[in-house]
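In: Here is the input, now give the coordinates:
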Amino acid sequence: MSEIVVRHAEINDAQALQQIYAQPALYRDTLHIPHPALALFTERVTELKPGSRNLVACIDEKVVGQLMLAVEQNPRRSHVATFGIGVDSNYQGRGVATALLAAMTDLCDNWLRIERIELTVFVDNEPGVAVYRKFGFEIEGTGKNYALRDGQYVDAYFMARFKPTAK
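Out: Model (predicted):
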């Protein structure tokens, strides 16, 4: 199996990211909607918001996943980051999410002064919940009717992970 390389997104990655998020499995399990515009991904790569990091995972130089990290800019929440993640449906189950989460937690724990990482995940996204738990995320609550998907409102878990204490 080829090595998974995680790096920061570059302008040439925008089209690959658009194609990933155009997959029904991706917009089903994220807050994206069908038919994403290339301009959205071009902007995300070229015009990062303050405190953001846009990581991509590559296999044999092909972009197969992405993780967008956002450090909260409010001074009272500057110890908190949130993120969204997506993995090409053709590469799910091959360690791509694990590689992206490992890179992200390393950044947060060792380079960005982040003490708490937050996320939301649909309650029926069992593989997502499992990989988040693997990295120490815990369910803190449930948002009822959190988002519209396929014409129905679905619930989402609020999960968080605290920086591990040094031993």
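
In: Next up, the contacts around the most centrally placed residue in the chain.
Out: The residue lying closest to the centre of the chain (C-alpha atoms, centre = their mean) is Ile85, at 2.0 Å. Counting by C-beta atoms under 8 Å, 6 or more residues apart in numbering, Ile85 touches Gly65, Gln66, Leu67, Met68, Ala97, Leu100, Leu101. (C-beta placed from N, C-alpha, C; glycine too.)

In: Do you have the helices of the chain handy? List them.
Out: 14-21, 24-29, 38-46, 96-110, 126-134 (DSSP state H).

In: What is the burial count for the closest residue to Asn125 other than its chain neighbours?
Out: Leaving out its chain neighbours, the residue that sits closest to Asn125 by C-beta to C-beta, 6 or more residues apart in numbering is Asp29, at 5.1 Å. By other C-beta atoms under 10 Å, 20 other residues sit near Asp29.

In: so what's Asp29 up against?
Out: Residues near Asp29 by C-beta under 8 Å, 6+ apart: Phe122, Asn125, Gly128.

In: out of those, who's nearest Ala9?
Out: Gly128 (20.9 Å; C-beta to C-beta).

In: So the closest one versus Thr30, what's the distance?
Out: Applying C-beta to C-beta, to the nearest Å, the value for Gly128 to Thr30 is 10 Å.
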